[in-house]
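>>> How does the following fold in three dimensions:
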Amino acid sequence: MTSPSSTVVTRFAPSPTGYLHIGGARTALFNWLYAKSRGGKFLIRVEDTDRERSTDEAVQAIFEGLSWLELFGDEEPVFQFARAERHREVADLLLASGHAYRDFLTADETNALRDQAKAEGRDFVSPWRDREPTVDDLAKPSTIRFRRPLDQAVTVDDAVQGSVRWESSSLDDLVIVRSDGAPTYNLAVVVDDHDMGVTHVIRGDDHLNNAARQSLIYDALGWTRPTFAHIPLIHGPDGAKLSKRHGAQAVHEYAAMGYLPEAMRNYLARLGWAHGDHELFSDEQALEWFDLPGIGKAPARLDFDKLAHVNAHWIRLAEDDRLAKLTLDAHLAAGRVLQPDDEARLLRAMPFVKDRAKTVVDLAAQTEFVLKARPLALDEKTRGLLSGEGGERISRLRERLRLFQSWDVFALEAELKAFAEEEGVGFGKIGPSMRGALTGGSVSPDIARILAALGRDEGLGRLDDALQQTK
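Numbering: from 1, shown residues only. Purely as a prediction, here's the structure:
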């Protein structure tokens with residue numbers, strides 16, 4: 001047997017038949033965390049042997065999703081279909097060693113014999129398992145089947161599931177090369193993982209039965225088995241298998257919904273794995289703490305409220321210029337025609353709105369007032385509040401603010417409070433009319449933050465416009 005590598009090597013091996021599913025993203029993250037936390041390598045292999053369903057668009061979508069999550073492989077990606085010749089070479093080795101055999105049954109014959117075996121309460125075994133083909137037979141189309149050992153227990157010491165045992169009789173002689181010469185999944189995976197030096201196979205527990213079949217192939221070839229770690233799938237909030245009715249399933253949907261990649265990494269790492277009671281942690285902490293025993297055996301449940309909580313935390317910690325760019329993109333995606341100074345306006349406003357947002361989409365909604373062009377259209381309620389005594393009061397406040405030297409949010413809060421006290425009214429007599437004049441009725445923070453977000457010139461200019469309209 002070959003000696004196991006001293007370097008940890010993990011791989012993420014998606015099938016390019018659709019988008020990058022949230023469950024696949026978590027599998028990629030777990031593989032990345034395990035390799036990187038141990039100074040190892042994280043590899044990516046595209047399992048594109050299903051030629052009818054694999055598409056270039058799906059390949060691109062998978063890599064875009066991984067790129068958004070910032071999970072990059074340490075080497076160039078491997079495409080499984082391109083390695084078919086190597087897979088057939090190994091199948092020939094298994095034939096030569098007696099661990100595989102050619103099966104000349106047609107599909108119809110196989111189905112008929114399988115049905116007969118089922119009716120008689122026994123396992124299907126191809127008659128070609130112990131039959132020597134003639135020269136004439138070898139001229140016919142055939143599959144290659146792996147000759148599993150009979151009456152033998154197969155045990156896999158899984159790093160998550162524990163020791164799992166199968167009887168070899170329950171596994172059948174699986175086809176490893178189809179009649180058209182195409183290698184099948186279980187052979188290709190074993191050969192690729194061996195050739196890529198993969199030491200730990202971390203994947204969904206829907207592949208647990210494959211671990212038994214693949215272990216037998218490893219043993220037949222005299223290759224060291226990798227450490228298997230089969231992680232439970234992700235379920236919806238109701239405990240059912242994740243589906244469209246639960247909401248977003250694809251990584252690109254979460255990006256469009258305004259989640260930050262660092263928040264998704266934090267949330268996905270915690271989805272099925274735990275380190276004490278820690279809910280919020282950085283990549284550096286995850287790399288320090290992550291280990292396979294921390295992964296639970298029960299399916300994890302997607303919780304959008306928790307995801308929003310985690311995302312809000314990382315939005316508060318994000319740099320304002322980055323958030324301004326992301327929010328600008330969100331406005332653009334919503335169909336807004338952007339102006340040259342919009343990013344500067346968003347950057348100025350960001351410190352005053354980001355602690356109230358759960359997503360970048362929230363940030364876009366809460367900064368709508370900043371991007372409005374003067375003069376703002378006033379609704380009837382605001383016009384009423386700015387008529388008569390209310391308008392005179394706002395005019396006095398506008399003049400006071402014109403002379404105000406500081407435009408710091410805390411100083412503005414104190415100034416507004418002092419003005420209300422001098423006027424002998426509660427701020428409820430001032431706030432609604434100011435909000436209408438400054439925002440045109442858009443979602444917005446408190447008045448001091450609105451003024452700080454708009455800046456001195458824009459804020460005073462909007463008040464002038466509103467008072468002019470209500471004279």
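
>>> buried sites along stretch 382-397?
By 16 or more other CB atoms under 10 Å, the buried positions in stretch 382-397 come out as 382-383, 385-386, 390-391, 393-395, 397. All C-beta atoms are positioned from the backbone trio N, CA, C, and that covers glycine.

>>> Next: stretch 46-66.
Neighbour-count burial for stretch 46-66 flags 46-49, 54, 58-59, 61-63, 65-66 (criterion: 16+ other CB under 10 Å).

>>> do stretch 77-94 as well
Buried residues in stretch 77-94, counted by 16+ other CB under 10 Å: 78-81, 83, 87-88, 90-91, 94.

>>> Tell me which residues touch the spatially closest residue to Trp128 that is not a sequence neighbour, please.
Closest residue to Trp128 apart from its sequence neighbours, by CB to CB, 6 or more residues apart in numbering: Asp103 at 4.5 Å. For Asp103, the contact set (CB atoms under 8 Å, 6 or more residues apart in numbering) comprises 110, 126, 128-129, 142-145, 173, 175.

>>> Surely Ser387 touches Gln469?
No - using CB atoms under 8 Å, Ser387 is not in contact with Gln469, being 10.5 Å away.

>>> Now name the helix or strand holding Asp172.
With secondary structure defined by DSSP states H and E, Asp172 is part of neither a helix nor a strand.

>>> quick revisit: in strands, which of the buried residues of stretch 46-66 fall?
Those of the buried residues of stretch 46-66 mapping onto strands are Val46, per DSSP state E.

>>> Which of the buried residues of stretch 46-66 fall within helices?
Members of the buried residues of stretch 46-66 lying in helices (criterion: DSSP state H): 58-59, 61-63, 65-66.

>>> any chance of the residues you listed in TSV, with distance to Leu221 and pLDDT too?
Shown next, in TSV, are those (distance: CB to CB, whole Å; pLDDT from 0 to 100):
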residue	distance to Leu221	pLDDT
Ala58	31	92
Val59	29	94
Ala61	34	93
Ile62	29	96
Phe63	31	96
Gly65	34	96
Leu66	31	97
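
>>> ok, of those residues, which one's closest to Ile22?
Gly65 (9.5 Å; CB to CB).

>>> Test my guess that that closest one contacts Glu253.
No - the pair Gly65 and Glu253 does not pass the contact test of CB under 8 Å, sitting 9.9 Å apart.

>>> hmm, back to that, dump the ones in helices among the buried residues of stretch 46-66 to CSV, plus distance to Ile202.
Output for those, formatted as CSV (distance: CB to CB, whole Å):
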residue, distance to Ile202
Ala58, 22
Val59, 22
Ala61, 22
Ile62, 17
Phe63, 20
Gly65, 18
Leu66, 15
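
>>> how about low-confidence regions in this structure?
Within the chain, the segments meeting pLDDT under 70 span 1-5, 247-248.

>>> mind running it again at 90?
Across the chain, the ranges flagged by pLDDT under 90 are 1-6, 17-18, 49-55, 121-123, 150-151, 168-171, 236-249, 405, 441, 470-471.

>>> Strands along the stretch 51-200 of the chain, start to end?
78-79, 100-103, 143-146, 153-158, 162-167, 175-177, 200-204 (DSSP state E, counting those that start in this stretch).

>>> Remind me what the last one packs against, helices and strands.
Pointing back at strand 200-204 there. Secondary-structure packing of strand 200-204 (3 or more CB pairs under 8 Å, 6 or more residues apart in numbering; DSSP states H and E): strand 9-12, helix 22-37, strand 227-231.

>>> re earlier: looking at the ones in helices among the buried residues of stretch 46-66, which one is closest to Gln405?
Taking CB to CB as the measure, Gly65 is the one of those closest to Gln405, at 50.4 Å.

>>> how close does that closest one sit to Leu268?
Gly65 sits 12 Å away from Leu268, going by CB to CB, to the nearest Å.

>>> Now list whatever residues contact both of those two.
Common neighbours of Gly65 and Leu268 (CB under 8 Å, 6+ apart) are Ala25.

>>> Next, the distance between the ends of stretch 374-393.
Start-to-end span of stretch 374-393 (CA to CA, to the nearest Å) is 22 Å.

>>> contacts for it?
By CB under 8 Å, 6+ apart, the residues outside stretch 374-393 that reach it are 394, 423, 425, 429-430, 432-433, 436-437, 439-441, 458, 461-462, 465-470.
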